[in-house]
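1. need a 3D model of the sequence below.
(2 chains)
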Amino acid sequence: MNEKFVPRIVGFLCNWCSYAGADLAGVSRLQMPPSLRAIRVMCSSRVNPLFIIRVFLIGADGVLVAGCHPGDCHYQKGNYQARRKFAILKNIFESLGLESDRLRLSWISAGEGPRFAKVITEFTEKIKELGPNPAKEKVFL
Amino acid sequence: MKGAILKVTENVANPIINFLEKGLDKKCFDAVLIPVKVPVGNSFAWVLIQNKSLLEDANPLPPVMPVQGAKALSSITRMGKTNKKIAAIMRPCEVRAAVELSKLEQVNLENIFLISIDCPGVLPLKDYLERPEEAMDKFNEILLGACPERSRRAQNDIEWGNESTRPACQVCDKFVGTDLGFCQSDLHIGILGTKDKNIFLIPNNEKGKSILNKMDIEAEKSMDNWEKKAKELMEVRKKKKKEVQERLKFKVMGIDNLLDVFSNCINCHNCRSACPICYCRQCYFESEKMKLPSDDYLMRAKSKGALRFLPDTLLFHLGRMTHMSLSCVGCGACEDACPMSIDVAQIFSFVADNSQGLFNYIPGKNAEEPLSLRIYKEDEFHEVET
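-> Predicted coordinates for the structure are as follows:
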């Protein structure tokens, strides 16, 4: 396919786990594609589904929401609620025939630098298969 | 199911008005919230009546729904419970929206006596305003379809929700205010299956029973006739809903089709203003978050080649879906409010049905059941995490 296509992925990373995990991956000099634009949020439940739709429609090729593993949330139950919100959004995408594969929810703890690198690599590969987000070209959104 | 039977004198509304007058007399409630035809012009408005002589002009089943009843109830009770008892006569979708709003703390149901009524659907506001008298005749024909012997054209119940009513009403399968329609009113008024020119009063809970008691109305008669008719009609509607949604799917699936459907949108946000569930004091789409410097738009125009203004039309509709689809009662108020005749209500209730299905949640069914986003289970939705 398009050899030059480098996906742009927007990642909402939770401050307590996934952001630290990203930091660890960087400090450990783990190799991963330079596709992620990270946005730090205090909790994965802070991510209003609207944020995801907004970056998706502006043209992000993929959107990642990452938080603490279930049971490990800094605020006890934030990630459980994030999961429900994400499930609804994904369902809406599926109902309307939008590409729900461009959305990903992953749990990455502060100690899981290698897992972070793996998630980013995997997700980037997946998006490469899907190609650029068609919404990127749409003028009349 | 047990209930009471009231005789119909002139029209269906008459025994209901008499019942309400009696209720006010016996101090079962101190005020009545009911649609009334405005004296000048043809429109209907919600009116809070304390003086019983004004009840004469009330119409418990107006042909249109200019303001969703739950919105009217919310503006009365959003500051807390009322000190006097109010009886609110609403359609089942309005009752369900009121129950949803009570969960969102926008309605306080403590001193409210919710009375629902079998709903034949309503006419699109535009059709009604164009030719009010003709529309009124048409609506009465539909309504009388419920009582075949009184109808001029010997229609049957299938005429309820025929193509002259709003699209949302045509596929509505929750048009009764009992457990059958997943609706939690205190008292339901049935008009379906009334061969002998009667209406049925069906108490749904203790509150409903105690008020009937206080008014010396015995509620021990069998409601089988009504139940049978309601179930029959419900089956027809369920089938129709399935067909319509199957067709709709092809119309909206994929980003190109979505853009087609919403391309007429003029960003007036009327659908949001008319929606009983959208209650936020500050909507995200009116907030500072949506006001961006020109550089931002220039950047987007650069990457896309061009950018439409007003921007973010699809974002608004998709965003609204994520915010209210769990509580959407499918009342169709949004479609009535759309000046561009976009099928918003159909698209929204299609999406809402799917997302409510995720949690087996039926909005308005039970005031005690918490909103799905307020609770969680530790072991669920593993299919969305990777």
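2. so residue A:75: helix, strand or coil?
-> Per DSSP: H, G, I helix; E, B strand; the rest coil, the secondary structure class of residue A:75 is coil.
3. verify the stated contact: it with residue A:44.
-> No: the pair residue A:75 / residue A:44 is not scored as a contact, 9.9 Å apart, by Cβ atoms under 8 Å. Just so you know, the C-beta spots here come from the backbone N, C-alpha and C atoms, and that holds for glycine as well.
4. where does the chain have low pLDDT?
-> Picked chain A for this. Judged by pLDDT under 70, chain A has its weakly predicted residues at A:1-3.
5. oops, wrong one, chain B.
-> For chain B, the stretches with pLDDT under 70 are B:145-159, B:195-196.
6. which of residue A:75 and residue A:44 has more neighbours?
-> residue A:44 (30 against 15; other Cβ atoms under 10 Å in any protein chain shown).
7. distance of that one relative to residue B:132?
-> Going from residue A:44 to residue B:132 by Cβ to Cβ, to the nearest Å gives 53 Å.
8. next: residue B:226.
-> Relative to residue B:132, residue B:226 is positioned 31 Å away (Cβ to Cβ).
9. check residue B:366 too.
-> To residue B:132, residue B:366 is 38 Å away according to Cβ to Cβ.
10. residue contacts, whichever residue of chain A sits closest to chain B?
-> Distances between chain A and chain B by Cβ to the nearest Cβ are smallest at residue A:97, namely 3.3 Å. Residues near residue A:97 by Cβ atoms under 8 Å, 6 or more residues apart in numbering or on different chains: B:252-255, B:257-258.
11. repeat that for residue B:204.
-> Counting by Cβ under 8 Å, 6+ apart, residue B:204 makes contact with B:177-179, B:184-188.
12. mind giving me the PyMOL select for the residues you listed, buried ones only?
-> To isolate the buried ones among the contacts of residue B:204 in PyMOL, judged by 16 or more other Cβ atoms under 10 Å in any protein chain shown, type:
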select buried, chain B and resi 177+178+184+185+186+187+188
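13. any chance of the contacts of residue B:204 in JSON lines, plus secondary structure and distance to residue A:68?
-> Compiled in JSON lines, these are given as follows (DSSP: H, G, I helix; E, B strand; the rest coil; distance: Cβ to Cβ, whole Å):
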{"residue": "B:177", "secondary structure": "coil", "distance to residue A:68": "44"}
{"residue": "B:178", "secondary structure": "coil", "distance to residue A:68": "45"}
{"residue": "B:179", "secondary structure": "helix", "distance to residue A:68": "41"}
{"residue": "B:184", "secondary structure": "coil", "distance to residue A:68": "38"}
{"residue": "B:185", "secondary structure": "coil", "distance to residue A:68": "43"}
{"residue": "B:186", "secondary structure": "coil", "distance to residue A:68": "45"}
{"residue": "B:187", "secondary structure": "strand", "distance to residue A:68": "49"}
{"residue": "B:188", "secondary structure": "strand", "distance to residue A:68": "47"}
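14. I'd like the contacts of residue B:204 laid out as JSON lines, including distance to residue B:336.
-> Output for these, formatted as JSON lines (distance: Cβ to Cβ, whole Å):
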{"residue": "B:177", "distance to residue B:336": "21"}
{"residue": "B:178", "distance to residue B:336": "26"}
{"residue": "B:179", "distance to residue B:336": "28"}
{"residue": "B:184", "distance to residue B:336": "25"}
{"residue": "B:185", "distance to residue B:336": "22"}
{"residue": "B:186", "distance to residue B:336": "27"}
{"residue": "B:187", "distance to residue B:336": "27"}
{"residue": "B:188", "distance to residue B:336": "24"}
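15. report how many residues lie close to residue A:39.
-> With other Cβ under 10 Å as criterion, residue A:39 counts 14.
16. helix or strand for it, which one?
-> Residue A:39 belongs to strand A:36-41 when assigned by DSSP states H and E.
17. packing partners for that strand?
-> strand A:9-14, helix A:18-27 (3 or more Cβ pairs under 8 Å, 6 or more residues apart in numbering or on different chains; DSSP states H and E).
18. give the buried residues for the longest one.
-> Think helix A:18-27. For helix A:18-27, a neighbour-count test (16+ other Cβ under 10 Å) marks A:18-22, A:24-25 as buried.
19. in TSV: those, plus distance to chain B.
-> Output for the buried residues of helix A:18-27, formatted as TSV (distance: Cβ to the nearest Cβ, whole Å):
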residue	distance to chain B
A:18	13
A:19	18
A:20	19
A:21	15
A:22	17
A:24	20
A:25	17
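20. between the residues you listed, which sits nearest residue B:370?
-> residue A:18 (28.4 Å; Cβ to Cβ).
21. residues contacting that closest one?
-> The contact partners of residue A:18, by Cβ under 8 Å, 6+ apart, come to A:11, A:44, A:66-68, A:106-109, A:116.
22. check residue B:376 too.
-> Counting by Cβ under 8 Å, 6+ apart, residue B:376 makes contact with A:77, A:80-81, A:83-84.
23. contact partners for the closest residue to it other than its chain neighbours?
-> Take residue B:376 and drop its neighbours on the chain: the residue closest to it by Cβ to Cβ, 6 or more residues apart in numbering or on different chains is residue A:80, 3.7 Å away. Counting by Cβ under 8 Å, 6+ apart, residue A:80 makes contact with A:70, A:73, B:376-378.
24. give me the angle between the helix or strand encompassing residue A:80 and strand A:9-14.
-> According to DSSP H and E, residue A:80 maps onto helix A:78-95. Going by axes from the mean of the first three to the mean of the last three Cα atoms, to 10 degrees, helix A:78-95 is angled at 150 degrees with respect to strand A:9-14.
25. so which residue of the stretch 251-386 of chain B comes closest to chain A?
-> For the stretch 251-386 of chain B, Cβ to the nearest Cβ, closest residue to chain A: residue B:253, 3.3 Å.
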